[in-house]
Each structure stands twice: as structure tokens, then as C-alpha cells.
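K.L.:
this one's structure only:
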């Protein structure tokens, strides 16, 4: 039973196969193919496979026809000799191949030129025939169009004469209407100016009357304020006098009340004495 390959070995083989096909190895694609393995491990094997592939490509570039194992084991002299022989053979072959390619390209160009010339002549003949037929049809169509245009031109001239006459009459009416409108506008402006002048004079007179009445009212207001101030001072003086008199009356009333109380007391004493005397007399 063959030994099962590890994940790293399988990943490296798949990466080398992808590089050999000219594809870029992908860790996700390789994991889907083998069904296991971490992306870090697979990416590490991809890097190793790339390094191995690039090293092999460098050796193959130095010795394109030498087997890989022989290229690794050959001595430096044999490698140099093989390289020189390959280089010389490649140079000679490239020179011959270049000459052959140039001759082949020249033949191809001549054949292509002949074929293109034939195709060009055939196309030109077809185009000339088509142009001739088209020119004949176009001449007939142009003749019909010219006759139609001549009829339309005469009809358009007649319509143009009528439109010019109508436009002239309309312009005349518009000029007359414009003159009347301008005259009416001038008259209205003159009326507005006259009315504005009258209103301005009335406004000046009214302002003078207002200022006169304002001066009169101001003087009357100042006089009224002066009278009110004098009346207020007089009222204050009268109020002070009345307060003094009121205090005096209150004082006199208080004295009279005190006298009345004293009289009442004296009367009470007298009544007591009278009552005692009457009792004494009765006894």
C-alpha cells in the first residue's frame, strides 16, 4: 500500500503544477483540493514551491536543452562548454530564422498586397458602377426636386409679398398706437406733476398750520402745567394749614373731654354728697 503524502507535500505538488501551467497558486484553492490544512501552512509551502520553481527556471534559462539532473551534477567546465555551444547554436539558428522570417514576411506582404490590389480594383469597379447608377437616379430626383422647388419658390414669393404688406400695415398701426400711447402718457405725467405740485403746496401749508397749532398747544400745555403746579403748591399749603388746625381742634377736644370727665367726677361727688345729706335729713 503506497504511503499517504503529507499536507505539505500535497500542497507543494499542487503549487508546482499551478506554476507550470502559468497560474498563480492560491492557498484557498489548494485547501479546497486536498480538503485540509491551515492557510498559514499552505501559504508557507506555496512560498517554498515558488522558490524551487524560480531556481529551476534560472537553471533552464542558462541550459535550455540540458536535463535538470545533469545541469546540477555537471562540472563548471562542462557547463561553460555546454552554455557556449548552446549560445553559438542559438545565435546561428536565430540568424537563419531571422532571414527566413524576413523572406516569409516579404512573400506574405507581396501576396497580401496583390490580394488587396485585386480587392481594391473589384471594390472600385463596384463603387463606380454603383455611383453611376446612383448619379442617374440622383439626376432624375434632382430634376423632380428642382421643379418642385421652382413651384414652392413662386408660391413663397407670393406669400412673402402678402406678408410684407400685412407687416407694413401692422407696423403703421403700431406706430400710430405708440404715438397715441406716448401722448397719453405725457398728459398723464403732466397731470401727476401738477397734482403733485398742488399736494406739495397743500402739504407745506398743512405743515405750517400744524407747527403753529403745535406751538399754541405747547404754550397752553406749559401754562396748564404751571397752573397745576401752583394749584398743587396752594393745595399743599392749605392741607398743611388744615392739618395744623385739625391738630388744634383735636387738642381742644381732648381738653374739653378732660374737663367733661372732671365735671362728671365733680357731679358724681356732688350727687354722693346730696344723697348723704338726704339720708341724714331723713334720719
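P.N.:
Arrived safely. Predicted model only: the values in this text are computed from it and were never measured.
K.L.:
what's the spacing between residue 187 and residue 178?
P.N.:
Distance, residue 187 to residue 178, by CB to CB, to the nearest Å: 15 Å. Placement of C-beta: from N, CA and C, glycine included.
K.L.:
Could you do residue 99 as well?
P.N.:
With distances taken as CB to CB, residue 99 is found 95 Å from residue 178.
K.L.:
Worst mean pLDDT across the helices and strands of this structure, which element?
P.N.:
helix 68-73 (a mean of 54; mean pLDDT, DSSP states H and E).
K.L.:
so after it, what's the next helix or strand?
P.N.:
Going down the chain from helix 68-73, the next helix or strand is helix 76-282, by DSSP states H and E.
K.L.:
Quick one: mean pLDDT over that next one.
P.N.:
Over the span of helix 76-282, the pLDDT mean works out to 78.
K.L.:
heads up, I number from 50, so please use that
P.N.:
Okay, using 50 as the starting number, the last item reads as helix 125-331.
K.L.:
Whichever helix or strand residue 57 is part of - contacts with which helices or strands?
P.N.:
Here residue 57 sits within helix 56-69, counting by DSSP H and E. With contacts taken as 3 or more CB pairs under 8 Å, 6 or more residues apart in numbering; DSSP states H and E, helix 56-69 sits against helix 76-83, helix 88-111.
K.L.:
nearest to residue 191, of these?
P.N.:
Smallest distance to residue 191 across the helices and strands packed on helix 56-69 (CB to CB): 70.8 Å, for helix 76-83.
K.L.:
and the closest one, which residues are buried?
P.N.:
Buried residues in helix 76-83, counted by 16 or more other CB atoms under 10 Å: 76, 79, 80.
K.L.:
could these be laid out in JSON lines, adding pLDDT and distance to residue 332?
P.N.:
JSON lines is the format used below for the buried residues of helix 76-83 (pLDDT from 0 to 100; distance: CB to CB, whole Å):
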{"residue": "76", "pLDDT": "92", "distance to residue 332": "156"}
{"residue": "79", "pLDDT": "92", "distance to residue 332": "161"}
{"residue": "80", "pLDDT": "93", "distance to residue 332": "156"}
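K.L.:
Just the closest of those to residue 205, please.
P.N.:
Proximity of those to residue 205 (CB to CB) peaks at residue 76, which lies at 82.5 Å.
K.L.:
Nearest spatial neighbour of that closest one, chain-adjacent residues omitted?
P.N.:
Distance criterion CB to CB, 6 or more residues apart in numbering; nearest residue to residue 76, sequence neighbours excluded, is residue 91 at 4.1 Å.
K.L.:
and residue 91, how many neighbours does it have?
P.N.:
For residue 91, the neighbour count with other CB atoms under 10 Å is 25.
K.L.:
separation between it and residue 63?
P.N.:
For residue 91, the distance to residue 63 - CB to CB - is 9 Å.
K.L.:
tell me, what's touching these two both at once?
P.N.:
residue 79 (CB atoms under 8 Å, 6 or more residues apart in numbering).
K.L.:
re the thing from before, if you count neighbours, what's buried in the helix holding residue 57?
P.N.:
Buried residues in helix 56-69, defined by neighbour count with 16+ other CB under 10 Å: 56, 59, 60, 61, 63, 64, 65, 67, 68.
K.L.:
With adjacent residues omitted, what lies nearest to the second one?
P.N.:
What it means is residue 59. Excluding its sequence neighbours, the residue lying closest to residue 59 (CB to CB, 6+ apart) is residue 83, at 4.8 Å.
K.L.:
unless I'm mixing things up, that neighbour is touching residue 55, no?
P.N.:
No - here residue 83 does not reach residue 55: they are 10.1 Å apart, not a contact under CB atoms under 8 Å.
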